[in-house]
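> mind folding the following:
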Amino acid sequence: MKMSANTADKDNNVSTNKNISLPISRVRLIMKSSPDVSSINQEALFLTTKATELFVQYLAVSSFNNGSGKGSKSLSYSDLASTAEEKDTFHFLTDILPKKILAGDYLKTLEQIEDEEADI
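Now for the predicted structure:
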């Protein structure tokens, strides 16, 4: 009986690994890069990998639904950046996914800010 329980656990573990598409070894490497992490439990590693996968999927679906690529069935960087800026749920990503602007536009904005500060 003990043998069948072990076999069932192994089968369960194999089937759960098939349910994720991110490489667990990469997630482990990222987790270990934190100085606060000394060891990583296998279950915690799996749950972190699955949660990351679900988050990326949610971000992609939200960006696609709010983006301009519906007609062409594509998702662009600008769709992701717009979603990060407009949705409160993803607002923490605005530093990582900033909207792209042309260098000339940025310089004009910078000059306007400097002019406003000089007027004060």
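
> only C-alpha atoms for contact and neighbour calcs from this point on.
Fine.

> residue closest to the middle of the chain?
Centroid-nearest residue in the chain, with C-alpha atoms, centre = their mean: residue 56, separated by 4.7 Å.

> in the host helix or strand of that one, what's buried?
Per DSSP states H and E, residue 56 falls inside helix 42-66. Along helix 42-66, these residues count as buried under the neighbour rule (16 or more other C-alpha atoms under 10 Å): 45-46, 48-50, 59-60, 62-64, 66.

> mind checking how far the residue nearest to the centre of the chain is from residue 80?
Relative to residue 80, residue 56 is positioned 11 Å away (criterion: C-alpha to C-alpha, to the nearest Å).

> this protein: strands as residue ranges?
With DSSP state E as the criterion, the chain has no strands.

> quick one, what contacts residue 66?
Contact partners of residue 66, counting by C-alpha atoms under 8 Å, 6 or more residues apart in numbering, are 79, 83.

> how far does stretch 99-115 sit from its chain's centre?
Distance of stretch 99-115 from its chain centroid, counting by C-alpha atoms, centre = their mean, to the nearest Å, is 28 Å.

> for it, give me every contacting residue.
Contacts of stretch 99-115 (C-alpha under 8 Å, 6+ apart): 78, 81-82.
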